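[1] Got a sequence here, can you build the structure:
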Amino acid sequence: MAPALAEVVRGAAERVPGFAARLAEAGTDVEQVCGSPGLGALPVLSKDDLVERQRTEPPHGGLLAAEAQVARWFQSPGPLYEPQLVDADWRWGQALGDLGVGPGDVLLNCFGYHLSPAGAMLEQGARSVGASVVPGGIGNQELQARAIADLGVSAYTGLPSYLKALTEHFDKAGLPADRWRLERALVTAEPLPDSLRALLSERVPHLRMAYGTGETGLLAWEPAGEEPGQGLVLADGVDVQVCAIGTGEPLSDGTEGEVVISLLRSDYPLIRFGTGDLSGWMLGPDGSLRLRGVLGRVGQAVKVKGMFLHPRQVTAVMDGVPGVRDYRFVIDRLDHVDQLACHVVADGAVAEEELTSSLTTRIREGLRFRTEVRVVDYLGEGDGPVVDRRDWS
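    Numbering: from 1, shown residues only. The predicted model follows:
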């Protein structure tokens, strides 16, 4: 075990009751985790585990040291609460700096600021490399396209599909081509298929994919100066493992497994935290160990427009709604943009227009997704409350 991680484990066991409880529950101790058999002696902490710990011991599940100072609280679906400590570094500046973003750049940040940590994370990263930030968030694409022209926006962070939409709004608005100065983009939170990468690269010559989570910050990114497909270099300041599904055993070859991380801070010890993402190891052209990218998800949760949608959340919102006999959420992808629809079989107890209107509001408030509600005669093929029909080729 690296000395820095061993120091974190020892400090966390002394300062954080919830982490000491994790060691006790696993029948292990600091010496075993820091020595032999090593970090694998501690079971992986899943997102569901963390949600349950926060529910029984709100708001942080006993995983914050008493002296830790929280600057902000964020909320992700679950609900899962993520603390931003006053001196936290989410490391996104490492990827932005490698991309060439720095002083003199104006960066349009198109990640959400409302409850979600993503907007604040990427803004911190941009400011850490000296760029000024336009806090675009999600929506108002016509105004954002205008800001690109008026402010000389030169860099972007957000979903790749959202960047495509901004290029279309810029062109539709008839803005002068010479006022499109956006040359660098760091995209994340959804796949970047080759077809979309090629399309975006025509307008943004320096385009790179990064990988991180709302709980942990930046984990890895495509390095500048290399062709895509060479793997993701690991961020400094966090320990990354790929572990076997079910056993949590760390993998050292290219076998696919779950990405498991440990934050290098003892006042908020997310140690052996399972991201739920699948990946594997590969060697980069420089011989470094790299992640192969995000290859899928563990379990049933899926990402739609950069946000998680879990069947458990769907059933909590939809079960027992008057007028609904059966339902299913269907995810498609049209022209590189995710499409989410709620298909409903009605029982006739509620007028169709009233039913679709009330469900649209209920879904927006309960799941934080804007979606089309369609009343259908039957649900068609597929199992479960969520069916993903996207093709990423």
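
[2] Check for me that residue 59 belongs to a helix.
    No. Counting by DSSP: H, G, I helix; E, B strand; the rest coil, residue 59 falls outside a helix, being coil.

[3] didn't it look like it was pressed against residue 80?
    No. At 10.4 Å, residue 59 does not count as touching residue 80 under the criterion of C-beta atoms under 8 Å. C-beta: built from backbone N, CA, C; applies to glycine.

[4] Looking only at neighbour counts, state which of these two leads.
    Neighbours per residue, other C-beta atoms under 10 Å: of residue 59 and residue 80, the larger number sits with residue 80, 17 against 13.

[5] Overlap in contacts, residue 59 and residue 80.
    Residues touching both residue 59 and residue 80 do not exist when contact is defined as C-beta atoms under 8 Å, 6 or more residues apart in numbering.

[6] Kindly list the longest helix within the protein.
    If you go by DSSP state H, the chain has its longest helix at helix 352-367.

[7] which parts of it are buried?
    When burial is assessed from 16 or more other C-beta atoms under 10 Å, helix 352-367 yields the following buried residues: 355, 356, 359, 363, 367.

[8] quick one, helices of this structure?
    All helices of the chain, identified by DSSP H, fall at 3-15, 17-25, 30-34, 47-56, 92-99, 118-128, 141-151, 160-172, 194-201, 311-318, 352-367.

[9] For residue 257, which of the ones you listed is the nearest?
    Proximity to residue 257 (C-beta to C-beta) singles out helix 47-56 among the helices of the chain, at 16.3 Å.

[10] what inclination does the closest one have with respect to helix 17-25?
    120 degrees (axes from the mean of the first three to the mean of the last three C-alpha atoms, to 10 degrees).

[11] from the middle of its chain, how far away would the longest helix of the chain be?
    With C-alpha atoms, centre = their mean, to the nearest Å as the basis, the distance from the averaged C-alpha position of helix 352-367 to the chain average is 26 Å.

[12] before we move on, back to that, lowest mean pLDDT across the helices of the chain, which one is that?
    Considering the helices of the chain one by one, the lowest average pLDDT is found for helix 311-318, at a mean of 85.

[13] Show me the shaky parts of this structure.
    393 (pLDDT under 70).

[14] switch to 80 and redo it
    Counting by pLDDT under 80, the low-confidence segments of the chain come to 78, 299-301, 308, 310, 312, 380-383, 392-393.

[15] Please convert the helices of the chain to JSON lines, extending it with distance to residue 253.
    Written out in JSON lines, the entries for the helices of the chain read as follows (distance: least, C-beta to C-beta, whole Å):
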{"stretch": "helix 3-15", "distance to residue 253": "22"}
{"stretch": "helix 17-25", "distance to residue 253": "28"}
{"stretch": "helix 30-34", "distance to residue 253": "23"}
{"stretch": "helix 47-56", "distance to residue 253": "26"}
{"stretch": "helix 92-99", "distance to residue 253": "26"}
{"stretch": "helix 118-128", "distance to residue 253": "31"}
{"stretch": "helix 141-151", "distance to residue 253": "44"}
{"stretch": "helix 160-172", "distance to residue 253": "30"}
{"stretch": "helix 194-201", "distance to residue 253": "26"}
{"stretch": "helix 311-318", "distance to residue 253": "32"}
{"stretch": "helix 352-367", "distance to residue 253": "38"}
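
[16] among those, which is nearest residue 268?
    Once C-beta to C-beta is applied to the helices of the chain, the stretch that comes out nearest is helix 3-15, at 8.7 Å.

[17] Using PDB, write out every CA atom in that closest one.
    Extracted C-alpha coordinates of helix 3-15, given in PDB (Å, rounded to 0.1, in the frame of the first residue of the first chain):
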ATOM      1  CA  PRO A   3       2.400   5.400   2.200                       C
ATOM      2  CA  ALA A   4      -0.100   8.200   1.600                       C
ATOM      3  CA  LEU A   5      -3.000   5.800   1.500                       C
ATOM      4  CA  ALA A   6      -1.800   4.000   4.600                       C
ATOM      5  CA  GLU A   7      -1.600   7.300   6.500                       C
ATOM      6  CA  VAL A   8      -5.200   8.100   5.400                       C
ATOM      7  CA  VAL A   9      -6.500   4.700   6.600                       C
ATOM      8  CA  ARG A  10      -4.800   5.100  10.000                       C
ATOM      9  CA  GLY A  11      -6.000   8.600  10.500                       C
ATOM     10  CA  ALA A  12      -9.600   7.700   9.500                       C
ATOM     11  CA  ALA A  13      -9.700   4.800  11.900                       C
ATOM     12  CA  GLU A  14      -8.800   7.300  14.700                       C
ATOM     13  CA  ARG A  15     -11.000  10.200  13.700                       C
END
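
[18] Many thanks, have a good one.
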